[in-house]
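Q: below is the sequence, then the predicted model.
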Amino acid sequence: MRVSYYPGCSLEGTAKSYDISVRHVCRSLDIQLEEVPTWACCGSSPALKMNRLLSTALSAHNLALAERQNLSDVVAPCPFCFRRLKSAQEEMARDPALRQKVEQTIESQVNGNLTIHNLLGFLTERVGMKAIGEKIRKPLTGLKLIPYYGCYVVKPPSVTCFDDPANPTSLDEILRAAGGEVLDWDFKSECCGAGLSLSKPEKVCELTGRLVRDAAWRGADAIVVVCQLCQANLDLRQREIGLTDKKEYQLPVIYFTELLGLAFGCASEQLGLDRHFVDPLAVLKRKGLA
Amino acid sequence: MAVSRHYKYMCSEPGQKLIRDDIAELGLDHVVEASCSPKMHEPTFRNAVSAAGMNPYLFEMVNIREHCSWVSEDPEAATRKAKDLIRGGIARAVHHEPLKGSKKSVNPKAMIVGGGIAGITAALKIANAGYQVYMVEREEIIGGKMAQFDKTFPTLDCSGCILTPKTSEVGRHPNIQVLTKSQVMDLTGFVGNFKVRVLQKPRYVRTDKCTGCGDCQQVCPIDIPSPFELGMTTRHPISRPFPQAIPNTYSILREGMPPCQAACPAGVNVQGYMTLTGAGKFVEALALIRERMPFASICGRICVRPCESSCKRGQVDAPTAICHTKRFLGDYEKEHSLYSNPPMKELRDKKVAVIGAGPGGLSAAYYLAIEGYQVTVFEKLPVIGGMLNVGIPDYRLPRQIIDEEVENIRSMNVAFRTGVTFGKDITIDDLEDQGYQAVFLSIGLHVSRRLGIDGESLDGVVGGIDMLRMVALKEDVKVGQNVVVIGGGNVAIDVARTAVRLGAARVDLVCLEARDEMPAWERETHEAIEEGVAIHNSLGPKEFVGQDGKVQGAVFKRCTSVFDENGAFRPTYDENELTELACDTAFVAIGQASESNLLSNLGIELAPGGRIVTDAETLATTRPGLFAGGDCTLGPATFVQAVAQGRQAALAIHNFLEFGGLREVESKERPIDKQLNEAERLRAKPIARNEMPELPPETRTKSFDPIESGFTEDMARSEGQRCLSCGLCCQCGECVRKCGPQAINLNERERIHELEVGAIVVATGVDVFDASKYPEYGYGKYPDVITNLQFERLCNASGPTGGKILRPSDGKVPQNVVFVQCVGSRDRAKGNEYCSKVCCMISAKQLSIFKHHNPHGQAYVFYIDNRAGGKGYEEFLRRAIEHEHAQYIRGRVAKVFQDQGRLVVRGENSLAGAPVEIEADLVVLATGLTPQKDHASIARALNLSTDKYGFFMELHPKLGPAETSLAGIYLAGGAQGPKDIPESVAQGGAAAAEALTLFSVGQVEIDPTVARLDERLCTGCKTCAGLCAYNAISFNEQQKVASINDALCQGCGTCAAACPVAAIGVKHYTPDQIFAQIEGILA
Amino acid sequence: MFRLTGALSEQEFLHHVVQRSGQNLLECLQCGKCTGGCPIASEKVSGPRRLIAEILSGMRNEALKNPTWWYCVSCGTCMTRCPVDINMYQVATALCELAQEGGIAPSERDIHLFEELFLKSVEKYGRVKELRTVAAYNVITKNPLKDMDKAVTLMRKGAFSPLEILSGWAKDRKVSRIFALARRTSEGGHE
Amino acid sequence: MTDFEPRIIAFLCNWCSYVAADAAGVGRFAQQANVRVIRVFCSGMVDPSYVIKAFASGADGVMVAGCHPGDCHYLAGNIKALRRSFLLRNLLSELGVEKKRFRLAWIAASESPLYAQFVNEFVDEVRELGPYLPPKTKAAKGVA
Ligand SMILES: Cc1cc2nc3c(=O)[nH]c(=O)nc-3n(C[C@H](O)[C@H](O)[C@H](O)COP(=O)(O)OP(=O)(O)OC[C@H]3O[C@@H](n4cnc5c(N)ncnc54)[C@H](O)[C@@H]3O)c2cc1C
Ligand SMILES: Cc1cc2nc3c(=O)[nH]c(=O)nc-3n(C[C@H](O)[C@H](O)[C@H](O)COP(=O)(O)OP(=O)(O)OC[C@H]3O[C@@H](n4cnc5c(N)ncnc54)[C@H](O)[C@@H]3O)c2cc1C
Ligand code: SF4
Ligand code: SF4
Ligand code: SF4
Ligand code: SF4
Ligand code: SF4
Ligand code: SF4
Ligand code: SF4
Ligand code: SF4
């Protein structure tokens, strides 16, 4: 299967391990990722907030680039990019006047015929649990995992059209297929503070604090994420959270693709597992998985 | 135009007087009135003109309020529109003719649909006025929602204390007949003269016999979540919701026939015996099986088990091991020597002959013997069992098992005469001479079909079933080293595996079909392969080759396809591609045939292929007194089908001998939905299917020892517990045996009542919103998140906790109780925009009750607005705040979640302007009131309209709240919209008053606006006749014209629109009138 | 104190927001379910319900200064649960644009600064250069060493390379042009 | 053409659509004032000749509305209306009436907003089409 791949800025910046592990997992599943040539930033939440036209135009620009690859599907690992691409395509389909304005702004045409996936959705719905199950070589036996979806892959449902926003299960399914023990909790799609990490770190600490506390209380070995913003916010803030609680939190925060890669039999270094702030390798080693 | 008047309040008395005066003074012959909707005031004005002596149908009303002034934003355009309409009305009125409606008397009986407080009120009022009332209630008891409450707002009086006097009054009222578990199917007729069909589901317990002693439920093996307790506790299918329930007798909850039983050709009550086995009641389980299948041990070994492929547990994990469990029961009985004959009727002096001692014949003998007949079985072979004995090999079904089960039958005074060939040693006439009054023929198919190819008569080419028979009868069978078996069915597999056991070095099985098309069961084929049989697919036999009359090989051509596009057996071959297999023995197992010469002498009808033709229900042949069943009528079928037909024939023979004729056969129960539902999934205990212990392939080929060794007691019991109780009550009969007054009849079936009534009150009430539609509230996930209806049960003394408010998760007394308002109300995204009107008060009531139980507890209420409009309501709410210290927080709850093990409710305190979180021990969701889930089918059955949510539409939102647009049908209670009890009661009274008015007038005027046929125009084309939905049109064959029955015609005008020559017109809506109106409007 | 006179202009601001955001705020029940679940709502940041209340009652200045829409991370939680499907982040965009046009200074300078820097990077390079953006932000907010220890740890682990801050990149002229065109059209205002 | 105000005849069944029209009035659901209602018992009562008559008398559009299939007060009169409407459309186009000028709709008693919406859409559509000119007039004006 060939699909176009839109990594998004973070995956070539701070979230390299996500990028590497995505590529690895896809390779194992015989999926050829073809990076959208000269892709640009989707504008993320700053553009979305400051200028609606600009925000839609940036996404449309990328869609136009992707359309030229002549592949029917595009996959974006970053949930925010996914949501922006998807809603740009839909808004333009709904509102011809907007489409015209956008096309004038980006000076090219957008047909709007791509199927836009987030990575999780692509793997569960398109590739299918069966194909994934068949590739498992080293099940993650005994690993207690907290699945954390964050908000952007599932909310708002009218845009994402993916899984259940209140109680999503696709990541649970993948992790279970990989042999992990999935813990239930109620913060699956609660917000981590996303883009406020720099400007309002105290807000982020407050939000991630409740996630980390509950995950620790449930005896998790790790929190598994699908979003690089969640990863960074949860990975980097545990010390501050610990200060308030007078506790030391050391909960690894791992991309689900890293774990899938491990279960497919790949070595941890090749997946970027050694690059996280809270070291996941210790617990993985203890369970004989790395 | 004689006069035109403008008056502001024309419908008022002075306005009407204006009209009357004008008619009198000016001698008007038509009146047109332009104002509001005729739906509202046409009757008023018609009455006014008639009072002045004018025929009411000469009056025409034009609607310029609802259709013009209220909906137009442009006053000038509205005026133009009004003028056009008035012009149309005038033009039409000119064509009006005087019409007179006929009178019809009213049938002074009422039907109340729904036995909640609204329906009860209406019923009692009508009944007390001396009229007959039918109360049709869907559930097993009456009382509606109120029966579930503890106390009622705003007075906090006990709900039961005010309701039960009413329900018992209904129960014993001589004028009220209560039909429980009933629903209206459809309605015909018109006001004063309705005919209603009501479908009543069985209660299984007779209300006139049951004493309410409760002995039955103590022995019932089934537990299901109680619907009345909203799943907070379980009940037995036989039970009653609470001690004061009316009708005050028990009843059984039964869904219908589960798919396992429906799939079993013999109709064995699978759920019943699985349940009894699960409860360790093995003897009872066996007795249940034998009601339809006398041979548990045999059946448990060889049955084809269609039941298991239909078993709903298969949709959860794997089907229950129905067949292995049956085998266990049979074997257990033998091991412990528990067998005793079933209860048998007294011996009759009637003799019945059974020909053939296969499963069909044995089954017939068994059931005939129970009925008391003297049965003799005639069998050609020296052994008994038919194909069980001389077909199915020992390793699957040991002979000893057959012998033991046959022995049981022998002990029931059945005589066996082996070695007697019917048609040769004894004829049908002989049997008649010997006093046999009926004969059942079940002689199977014992002739091996031949291929009809070259070399088939060579030495060493043997029929497949011939070989098996010889082996079974211990005759000498020569099996060489290299064996070829031809055929792809189960017989072929049995032959091949037998050959392996007889020492063949190599066994090749060759068949036409591809591997996945083979008719043999996959499991058997697989076992054969394990035992070393080589399978060759898609090959058709061409010829056998040999030397000196002995076979040496078989030649095959490639089979390109077996079935044609219609799925019929029509193989095609490629003659060029040949394969030869060397062999010294070849077994041909391609099918079975009957002994045609024997059958043709009997003088009965035969189907092509020699099968005996019988009546599908009675199995009677075309010769009176001769019945037939099993393989000889079905073609090669199965053991269980033969047994089923044996029983069916026994019943038919009994009917034939006892009642001379062919009596109706037992009616079947309605099967339930095959698709697994949520309730069943929840009932599934996490038990894995027990696998049958088997011999390994190496050992099993060495002898004819049985391969499967059977279940242990524990395995069987755990299989029994895997059953999901799909039918709810399993009809095990335990309760029947226990019930002293013999009040229980498990064979009760649905009934249809045809009721004739003059008025109908629809009071089907409300349902509560399904809280699981708010996943963010955790309903269904957290046991301590409950609905307000569940909370009522928690407070109720007859409820699951005996009236103590304990939280469901751990039975502790809750400290913090959080009430969440507007769950499913005022929420467009969830489809319910309306306010449910009562839940604000319900929460105030419930928190007050909670505080009375636990004065130290704290109640919180998240609300959007407090709606307390009602007498004493606001005061009640203030009490909750001031005396019960409830904290009211304005804001809709965003989420209920578990944080480090603690339940937390989060929302905004919108008055303080910040989010808040509350740690809760119990969360009560104030679920809104919704229409009943089946509102659409009620609406359809009664021809009512509903609003967009599904509440029934009243005639007028202000002036006709208890009437519908259908005269004679009235509304009461929650069915019309969310309401509290006082309003429901008031409306119940209003509906009763409407019905009583109708009864006391005693007559209704039939609208004269029916179809009229102009016979002179009718060309006799009959177009109209087929169209009338009320069969009002008949055709006069002499005069070749249609004719219309006024009493049946409803005036819909379908016929008029269809008549090609416009011979029909509906009075008051004739083409002239409509044309004039069109012209007038557009002039 | 706010005195209402019934003048048509009282509704004007509401209409602008409704039109730009495409969200019919008149349907809002003021139930507060949005704010109850909004991650950024707090004692200080009112959350969406209150913001809508301000818009509904024509409190233009209050609404444009309400920090909620600056904080809004467009998580979509409010809309997911709202009984009338109001999408708050569309309202945030509308308010941001209206504030810009009305020359109202951002009430949340930090957030604004970060977002500006972010977009600048995108405008220039077509992509956001995260480390450089972070560094610039820290320098401007006079906190150059913020989270330095974490950065160093991550760098050591190879999570990213320090070269990224220093090395030069190619500019993406196409994207710069999109910015220019988008600005021009937006300034023309929405129809 | 902009100031053209079409005149439309609406045949509404007594049990569903007429009730919806009344309720639209009670609910004040604004409608363009171009539709003239004629109440009939059932949509199945509307003889094709009524529709033709309306056009012949100068209507620019005709609508027939009844209960939803399955909900007919007279069991299936609306289905008969539906069956007839196909023939009727063909007949109308033979007579030179554009198919869009005739509409059949199912409007339940509870669907008063839908009724108003339907009216407004239909009026717009007919306004778009312009006045209906019987073939003779068209030929005379050379429009055909
Ligand atoms: C939790 C809760 C607490 C409440 N507390 C109070 C209170 O304290 N005070 C108060 O004034 N109000 C209270 N109410 C409101 C009260 O329930 C209603 O006002 C009242 O039940 C309405 O009565 P009803 O007879 O119209 O309908 P219901 O009580 O709903 O009765 C309808 C009956 O019709 C039957 N039925 C339904 N469909 C069919 C069918 N197709 N065929 C035959 N039968 C059918 C049902 O089985 C039922 O027996 C409460 C409601 C709830 C949910
Ligand atoms: C090899 C083989 C394997 C099978 N395996 C299975 C299985 O695993 N599961 C399953 O459900 N079904 C199986 N079947 C089918 C099943 O055995 C038959 O469908 C069933 O036995 C039919 O019962 P019956 O009573 O109609 O006839 P039969 O069992 O054939 O019995 C007929 C009896 O009538 C006797 N008879 C015939 N003619 C006369 C006469 N003129 N006078 C007196 N007596 C006469 C015969 O000797 C025989 O005893 C198998 C069949 C074969 C051949
Ligand atoms: S045992 Fe019989 S009489 Fe007693 S409650 Fe049960 S059904 Fe009624
Ligand atoms: S679960 Fe039990 S009742 Fe249901 S189909 Fe299976 S055996 Fe029958
Ligand atoms: S037949 Fe059996 S399951 Fe049914 S009610 Fe009686 S005891 Fe219970
Ligand atoms: S009564 Fe109260 S809780 Fe119920 S819907 Fe109305 S406002 Fe909400
Ligand atoms: S359709 Fe008209 S012409 Fe034909 S039989 Fe009926 S009434 Fe007569
Ligand atoms: S009007 Fe015609 S079709 Fe309708 S009920 Fe009367 S006879 Fe039947
Ligand atoms: S959830 Fe929706 S309706 Fe409720 S206050 Fe927020 S925006 Fe308004
Ligand atoms: S989208 Fe914005 S306003 Fe809505 S919940 Fe998320 S952060 Fe709050």
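A: Thanks, I have it. Numbers count the residues shown, from 1 in each chain, chains lettered A, B, ... in the order given. Ligands and ions are numbered 1, 2, ... in the order given.

Q: and chain C, which residues reach ligand 9?
A: Residues of chain C lying close to ligand 9 by C-beta under 6 Å from any ligand atom are C:28-34, C:48-49, C:52, C:82-84, C:86. All C-beta atoms are positioned from the backbone trio N, CA, C, and that covers glycine.

Q: 5 Å instead, please
A: Within chain C, the residues that sit near ligand 9 (C-beta under 5 Å from any ligand atom) are C:28-29, C:31, C:33-34, C:49, C:82, C:84, C:86.

Q: dump those to JSON lines, plus distance to ligand 10, neighbour count and pLDDT.
A: Below are those laid out as JSON lines (distance: C-beta to the nearest ligand atom, whole Å; neighbours: other C-beta atoms under 10 Å in any protein chain shown; pLDDT from 0 to 100):
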{"residue": "C:Cys28", "distance to ligand 10": "13", "neighbour count": "19", "pLDDT": "97"}
{"residue": "C:Leu29", "distance to ligand 10": "16", "neighbour count": "19", "pLDDT": "96"}
{"residue": "C:Cys31", "distance to ligand 10": "14", "neighbour count": "29", "pLDDT": "97"}
{"residue": "C:Lys33", "distance to ligand 10": "10", "neighbour count": "29", "pLDDT": "98"}
{"residue": "C:Cys34", "distance to ligand 10": "6", "neighbour count": "28", "pLDDT": "97"}
{"residue": "C:Arg49", "distance to ligand 10": "10", "neighbour count": "29", "pLDDT": "97"}
{"residue": "C:Cys82", "distance to ligand 10": "9", "neighbour count": "26", "pLDDT": "97"}
{"residue": "C:Val84", "distance to ligand 10": "14", "neighbour count": "18", "pLDDT": "97"}
{"residue": "C:Ile86", "distance to ligand 10": "9", "neighbour count": "21", "pLDDT": "96"}
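
Q: of all those residues, which comes closest to B:Arg515?
A: Distance ranking of the residues of chain C next to ligand 9 against B:Arg515, using C-beta to C-beta, places C:Cys82 first at 57.7 Å.

Q: re earlier: for the residues of chain C next to ligand 9, work out which two are farthest apart.
A: C:Arg49 and C:Val84 (12.2 Å).

Q: now list whatever residues contact both of those two.
A: C:Cys28 (C-beta atoms under 8 Å, 6 or more residues apart in numbering or on different chains).

Q: how many neighbours does whichever residue of the stretch 101-250 of chain A sits closest to ligand 2 have?
A: In the stretch 101-250 of chain A, the residue that lies nearest ligand 2 is A:Lys130 (34.4 Å; C-beta to the nearest ligand atom). Residues contacting A:Lys130 under the criterion other C-beta atoms under 10 Å in any protein chain shown number 8.

Q: show me the contacts for it.
A: No contacts exist for A:Lys130 under C-beta under 8 Å, 6+ apart.

Q: also B:Asn866?
A: B:840, B:877, B:888.

Q: any residue of the helix or strand where the last one lies up close to chain C?
A: B:Tyr888 is part of strand B:887-890 when elements are defined by DSSP states H and E. Yes - for strand B:887-890 and chain C, the contact criterion (C-beta under 8 Å from any C-beta of the partner chain) is met by B:Arg890.

Q: is that strand in proximity to ligand 6?
A: No - using C-beta under 5 Å from any ligand atom, strand B:887-890 stays clear of ligand 6, coming no nearer than 11.2 Å.

Q: what's that strand in contact with?
A: B:858-864, B:866, B:881, B:907, B:909-911, B:916, C:32.

Q: quick one: which of those is most hemmed in?
A: Busiest of the contacts of strand B:887-890 [other C-beta under 10 Å] is B:Phe862, holding 32 neighbours.

Q: just confirm that one contacts B:Val820, I think it does.
A: Yes - using C-beta atoms under 8 Å, B:Phe862 is in contact with B:Val820, at 5.4 Å.

Q: now list whatever residues contact both of the two.
A: In contact with both B:Phe862 and B:Val820: B:893, B:905, using C-beta under 8 Å, 6+ apart.

Q: assign the residue nearest in space to the middle of chain D to helix, strand or coil.
A: For chain D, D:Met63 is the residue whose C-alpha lies nearest the centre (C-alpha atoms, centre = their mean; 0.7 Å). For D:Met63, the assignment made with DSSP: H, G, I helix; E, B strand; the rest coil gives strand.

Q: okay, and the beta partners of it?
A: Here D:Met63 sits in beta bridges with D:Ala10, D:Arg103, going by DSSP bridges.

Q: contacts only, for it.
A: Per C-beta under 8 Å, 6+ apart, neighbours of D:Met63: D:8-11, D:35, D:102-105, D:118, D:122.

Q: for B:Asp186, same thing?
A: Here B:Asp186 is in contact with B:196-197, B:941 (criterion: C-beta under 8 Å, 6+ apart).

Q: at 10 Å instead, please
A: B:195-199, B:940-943 (C-beta atoms under 10 Å, 6 or more residues apart in numbering or on different chains).

Q: what does B:Ala245 give?
A: B:139-143, B:147, B:164, B:167, B:171, B:212, B:228, B:239, B:251, B:798.

Q: out of those residues, flag the one nearest to B:Ala759.
A: For the contacts of B:Ala245, the nearest to B:Ala759 is B:Ile142 (19.3 Å; C-beta to C-beta).

Q: phi, psi of that closest one?
A: Main-chain dihedrals, B:Ile142, degrees, to the nearest 10: phi -100, psi 170.

Q: please apply the same query to A:Asp214.
A: Here is the backbone geometry of A:Asp214 (degrees, to the nearest 10): phi -70, psi -40.

Q: B:Gln898 is in contact with that one, correct?
A: Yes - the criterion here is C-beta atoms under 10 Å, and A:Asp214 meets it with B:Gln898 at 8.0 Å.

Q: if you count surrounding residues, which of the two has more?
A: Using other C-beta under 10 Å as the criterion, A:Asp214 and B:Gln898 rank with A:Asp214 on top: 22 against 19.

Q: which pLDDT value goes with that one?
A: Per-residue pLDDT puts A:Asp214 at 96.

Q: helix or strand for B:Thr699, which one?
A: Going by DSSP H and E, B:Thr699 is in helix B:697-700.

Q: so which bits of whatever helix or strand comes next after that helix are buried?
A: Later in the chain than helix B:697-700, the nearest helix or strand by DSSP H and E is helix B:713-722. Within helix B:713-722, the residues scored as buried using 16 or more other C-beta atoms under 10 Å in any protein chain shown are B:715-720, B:722.

Q: in a markdown table: those, plus distance to A:Ile241.
A: Putting the buried residues of helix B:713-722 into a markdown table (distance: C-beta to C-beta, whole Å) gives the following:
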| residue | distance to A:Ile241 |
| --- | --- |
| B:Met715 | 52 |
| B:Ala716 | 55 |
| B:Arg717 | 52 |
| B:Ser718 | 48 |
| B:Glu719 | 51 |
| B:Gly720 | 52 |
| B:Arg722 | 47 |
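
Q: describe which strands the one helix or strand B:Leu925 maps to pairs with in its sheet and in which direction.
A: Element membership for B:Leu925, per DSSP H and E: strand B:922-927. Take DSSP bridges as the rule and strand B:922-927 pairs in its sheet with strand B:785-787 (parallel), strand B:816-823 (parallel).

Q: ligand 2 is nearest to which of those?
A: Here strand B:785-787 is closest among the strands paired with strand B:922-927 (C-beta to the nearest ligand atom), at 50.3 Å.
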